[in-house]
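# Got a sequence here, can you build the structure:
(chains A and B, ligands or ions: 3)
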Amino acid sequence: MNTSFDIAVIGGGNAALCAAMTAAEAGARVIILEAAPKPYRGGNSRHTRNFRCMHSGPLGPLIESYCEDEYLDDLLKVTGGKTDEALARMVIRSSEECLPWMEEHGVRFQPSLSGTLSLARTNAFFLGGGKSLVNAYYRTAASLGVEVRYEAKVTHLEMEDDRVVGIDYTHGSETHRIAPKAVVVASGGFQADIDWLARAWGPAARNFLIRGTPYNRGEVLSDLLDQGIEQVGDPTQCHAVAIDGRAPKFDGGIVTRLDCVPFSIVVNKDGDRFYDEGEDVWPKRYAIWGRLVANEPDQVGFAIIDSKAIDLFMPSVFPPIKADTLEELAANLELPPEKLRATVEAFNAACGDTSGFMPTELDGVATNGLSPPKTNWARPISDPPFYGYSLKTGVTFTYLGLKVDETAQCSIGNRPVANLWAAGETMAGSILGQGYLAGFGMTIGTVFGRIAGREAAAFAN
Amino acid sequence: MQTELIQEARRQAEICNACRYCEGYCSVFPALHANRAFSDADITQLANLCHNCRGCYYACQYTAPHEFDLNLPKALAEVRQASWEDYAWPQPVARVFHKSGAALAVATILGFALIFAAIRALPEPTGQGFYAVMSHSAMVAIFLPAFLFPLMSLAVSLRRYWRAMGGGVVTVSAIKSAFGSAARMQNLSGGHGDGCNFEDEDRFSQARRHAHHAVMYGFVLCFLSTSSGTVLHYVFDMPAPYGFWSLPKLFGVPGGILMVIGALGLAGLKLQADPKLGDASAWGGEMGFNLLLFFVAATGLALYWLGASTAMPALLALHLGSVLAFFLLTPFTKMAHGFYRLAALMRDAER
Ligand SMILES: Cc1cc2nc3c(=O)[nH]c(=O)nc-3n(C[C@H](O)[C@H](O)[C@H](O)COP(=O)(O)OP(=O)(O)OC[C@H]3O[C@@H](n4cnc5c(N)ncnc54)[C@H](O)[C@@H]3O)c2cc1C
Ligand code: SF4
Ligand code: SF4
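Ligands and ions are numbered 1, 2, ... in the order given. Model (predicted):
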């Protein structure tokens, strides 16, 4: 086995692969250290479906145009201004050239998926999803001579002054050290380390589900932060959505999402409503419900609908719990039956004229005198059978990360670390401090992965 | 139909319906996403739209060891295989030959034996070339029923399929659309034109599509060769043997070569592909059928080259025997898939 490498890339997802391919094309000898075994390679990237791409005219699968200012506006809306505008503009501008680059490196696109028409202009969908993207990149990387080591978990980066002089990783029961000339960190966030999550968020986090890979445990992130590498992002925050409570603890991915909330009432385990389910169209409210459910007892919620609503949203992986009476439904969901009935009856009584009901837009069909109100799509829950879904908090990623400049370089104190670059989720906090825009994670990873690969190769050569 | 197979495919289809990442690969997914719940017939129809390109397996984030354990190509292959056996007429014959390569080999040998016995038993013919070994009328007497029986059997099977799928009156546009996409093997392109994942995990290649094209067009050419011979014989009173610059030879020789190359290619690919992504129980039957195709084409070509040698009578018996087995078994082997596939594409075009 060749043990002398110019560049080690830590991680095996989108950002890592983009960096590795770019560096190899610049002539560097590259090794990828991926913590996961081969069937689970690719981190959270294997769960993705699209990336958000600027374009001045029709481009690949994308229709019409999506210009820099509109893209930036969309981003500023969801991040509440906590955005590094210069870096964000740089990412947005570079996204346009990413699409053809991705195609050259084996990625194939498809028109936006059924049920996601609202993204047809802004987001380019990968044919087969993120795992097919990851597969294509591994094929291309192999043809460029990149070596990949699976089940290679990096535990420590040895620093001397302002440079990394060694990388320790475990493989099975053995520990290895390599000493590449340059290092790219692309090992994601720390959300799969439940203990860390519980320290940051509080004990409630033990009831959270992790939507993606169990291998993003933040070992490298904590090792580097402990050694004084500059950090960015709120350590107590994570991006979380409400997903089906029956989802597996890790890796449930896209199919566990639930789109029924706007057409439901959501109660906690005591049978009480706690928030306006009809506040906005679902994609815009998707992200707040993770947080809302996290604040309820036992971190669970229950969305209740009736037969009028069952066909109004995308099916999800687990069939709903179904019953002919509310009491029976309550029993199946382990909710207090009288309480659920009382909540539903109070809600039904507060519903008014429902003739304006329009499932696809804000219809203003609201409750009267109910607290909390339901401000759209408020129709009585009255036509059996009744259906219920349990909701839990599903964590997508954490915000804490490594601070980088526009060349993806990390720093310590006020100096750059001479041979350390970072890309992807692990530095995304440098660009957005809160909130999330669908498809922006893969854009950041692609843009910064390529920059990190280019810079690391230039340094090593 | 075995309900566990349908149930397993349904379980997986419901996961796909919540995911939809594979929508662009083939016509299975748009058909799947048009439903919210899947009847047994829906699942059978989806299974017959799938051609086991495996794109959706290698792209799937939920394959084992993930607990969702997705393997849609396998689940659909098993339902598809079972549906061919269920709708076949007579059904017990299909149950044997679809899965057993050995049974195919035995049937082929019986075919040889029958032809040999016929040559022996019948009075010495007075014709030329092949007809010096077996008279034209004897060949017709054997092959006309052997040709008509499978057509009848397939007609019964397809009618059963069509009814079970709830198909209505067949429209011209549905037929056009089905033949159009079959002729181009559009779905074998993988939705992006790079082909399918078959012989080398997640690498896309055109190998299977090209090999399949070779067999299909080779078969069509051979069929034209025989048809043109029949027309020459009856309409123009020009019996065989024919020279190279005749329609039967101009169709038959390239057709035979294409079939030989294609059948060997498909067999080779099958050896490299992961059997766990198909219906493993049908592997032997499929491989046997591939080899039978090869044998039919190779003995046909050999007859062309060695037609004037002393090996001819024996070769003729081998060729005719294998053709006989091939024809008779058409409704009960992989050969039936083409017919079901066209029916499924037609049903899909109605959707
Ligand atoms: C269900 C789901 C759907 C999503 N959909 C989208 C979408 O459609 N579009 C979009 O833009 N974003 C989406 N995201 C967000 C997106 O996944 C991330 O932004 C993106 O994948 C980050 O890429 P990355 O390469 O930085 O990290 P990852 O892809 O997570 O890769 C991190 C890699 O590092 C490895 N690793 C971790 N620790 C170590 C260690 N100690 N040693 C060695 N290797 C290690 C991991 O095994 C993994 O391979 C989604 C996320 C989830 C969970
Ligand atoms: S095969 Fe897997 S990736 Fe493809 S649609 Fe089904 S669940 Fe999704
Ligand atoms: S194996 Fe190929 S044809 Fe079959 S469902 Fe999957 S992608 Fe479609």
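
# just for chain B, where's the confidence low?
Counting by pLDDT under 70, chain B contains low-confidence ranges at B:1, B:185-188.

# and it, which of its residues are near chain A?
By the rule CB under 8 Å from any CB of the partner chain, the part of chain B lying against chain A is B:14-15, B:17-25, B:30, B:33, B:36, B:55-56, B:58-68, B:191-192, B:194, B:202-203. All C-beta atoms are positioned from the backbone trio N, CA, C, and that covers glycine.

# can you narrow the residues you listed to ones near ligand 3?
B:22, B:25, B:55-56 (CB under 6 Å from any ligand atom).

# Please indicate which of the residues of chain B next to chain A are buried?
Using 16 or more other CB atoms under 10 Å in any protein chain shown as the burial test, the residues of chain B next to chain A include B:14-15, B:17-25, B:33, B:55-56, B:58-63, B:66, B:68, B:191-192, B:194, B:202-203 as buried.

# what residues does the stretch 51-200 of chain B put near ligand 3?
Going by CB under 6 Å from any ligand atom, the residues of the stretch 51-200 of chain B near ligand 3 are B:51-56, B:72-73, B:76.

# which residues of the stretch 251-400 of chain A fall in helices?
A:282-285, A:288-294, A:326-333, A:337-350 (DSSP state H, counting those that start in this stretch).

# meant to ask about the stretch 1-150 of chain B, not that
Counting by DSSP H, counting those that start in this stretch, the helices of the stretch 1-150 of chain B are B:3-19, B:28-33, B:40-49, B:55-58, B:72-87, B:91-97, B:101-121, B:136-164.

# who does the fifth one touch, helix- and strand-wise?
When contacts are defined as 3 or more CB pairs under 8 Å, 6 or more residues apart in numbering or on different chains; DSSP states H and E, helix B:72-87 packs onto helix B:3-19, helix B:40-49, helix B:55-58, helix B:91-97, helix B:136-164, helix B:336-350.

# What angle do helix B:72-87 and the first one make with each other?
Just to be clear, that refers to helix B:3-19. For helix B:3-19 against helix B:72-87, the angle by axes from the mean of the first three to the mean of the last three CA atoms, to 10 degrees is 140 degrees.

# tell me the angle of helix B:3-19 relative to helix B:40-49?
80 degrees.

# what comes into contact with helix B:3-19?
By CB atoms under 8 Å, 6 or more residues apart in numbering or on different chains, the residues outside helix B:3-19 that reach it are A:129, A:253-255, A:257, A:314-317, A:319, B:22, B:29, B:32-33, B:35-36, B:38, B:40, B:43-44, B:46-47, B:56, B:62, B:68, B:70-72, B:75-76, B:78-79, B:82.

# which of those count as buried?
Buried, going by 16+ other CB under 10 Å: A:129, A:253-255, A:257, A:314-317, B:22, B:29, B:32-33, B:38, B:40, B:43-44, B:46-47, B:56, B:62, B:68, B:70-72, B:75-76, B:78-79, B:82, out of the contacts of helix B:3-19.

# out of the buried ones among the residues of chain B next to chain A, who's near ligand 2?
B:15, B:19-22, B:56, B:59-62.

# can you tell me which residues contact B:His98?
With CB under 8 Å, 6+ apart, B:His98 has these contacts: B:81, B:84-85, B:282, B:285, B:332-334.

# Neighbours of the nearest residue to A:Ser94 once chain neighbours are set aside, how many?
With sequence-adjacent residues excluded and distances taken as CB to CB, 6 or more residues apart in numbering or on different chains, A:Ser94 is closest to A:Val447, at 4.5 Å. Here the number of neighbours of A:Val447 (other CB atoms under 10 Å in any protein chain shown) works out to 26.

# Just the element for A:Val447, please.
Here A:Val447, judged by DSSP states H and E, is contained in helix A:440-460.

# If you count neighbours, what's buried in that helix?
A:440-457, A:459-460.

# Do a quick rundown of the strands in the stretch 51-200 of chain A.
A:109-110, A:123-126, A:147-149, A:152-160, A:163-171, A:174-178, A:182-185 (DSSP state E, counting those that start in this stretch).

# Quick check: which of these is buried the most?
strand A:182-185 (a mean of 31; mean count of other CB atoms under 10 Å in any protein chain shown).

# Can you name the residues in contact with that strand?
Contacts for strand A:182-185 (CB under 8 Å, 6+ apart): A:6-11, A:16, A:19-20, A:23, A:157, A:164, A:167, A:220-221, A:224, A:402, A:408, A:410, A:419-423, A:426-427, A:449, A:452-453, A:456-457, A:459-460.

# Among the ones next to ligand 3 among the residues of chain B next to chain A, which pair sits farthest apart?
The span of these, defined through CB to CB, is set by B:Cys22 and B:Gly55 at 7.1 Å.

# Can you pull the residues that touch both of those two?
Looking at what touches both B:Cys22 and B:Gly55 (by CB under 8 Å, 6+ apart), the common residues are A:Gly128.

# Mean pLDDT, mean neighbour count and distance to ligand 3 added to the helices of the stretch 251-400 of chain A, as JSON lines?
Below are those laid out as JSON lines (pLDDT from 0 to 100; neighbours: other CB atoms under 10 Å in any protein chain shown; distance: least, CB to the nearest ligand atom, whole Å):
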{"stretch": "helix A:282-285", "mean pLDDT": "76", "mean neighbour count": "15", "distance to ligand 3": "28"}
{"stretch": "helix A:288-294", "mean pLDDT": "93", "mean neighbour count": "22", "distance to ligand 3": "32"}
{"stretch": "helix A:326-333", "mean pLDDT": "97", "mean neighbour count": "19", "distance to ligand 3": "34"}
{"stretch": "helix A:337-350", "mean pLDDT": "97", "mean neighbour count": "17", "distance to ligand 3": "41"}
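
# Can you add distance to B:Gly307 and give those helices back as JSON lines?
What follows is the helices of the stretch 251-400 of chain A, written out as JSON lines (distance: least, CB to CB, whole Å):
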{"stretch": "helix A:282-285", "distance to B:Gly307": "71"}
{"stretch": "helix A:288-294", "distance to B:Gly307": "77"}
{"stretch": "helix A:326-333", "distance to B:Gly307": "77"}
{"stretch": "helix A:337-350", "distance to B:Gly307": "85"}
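
# Mind picking out the helix or strand in chain A with the poorest mean pLDDT?
Ranked by mean pLDDT, DSSP states H and E, the weakest helix or strand in chain A is helix A:282-285, scoring a mean of 76.

# who touches that one?
Under CB under 8 Å, 6+ apart, the answer for helix A:282-285 is A:118, A:259, A:261-262, A:279, A:313, A:438.
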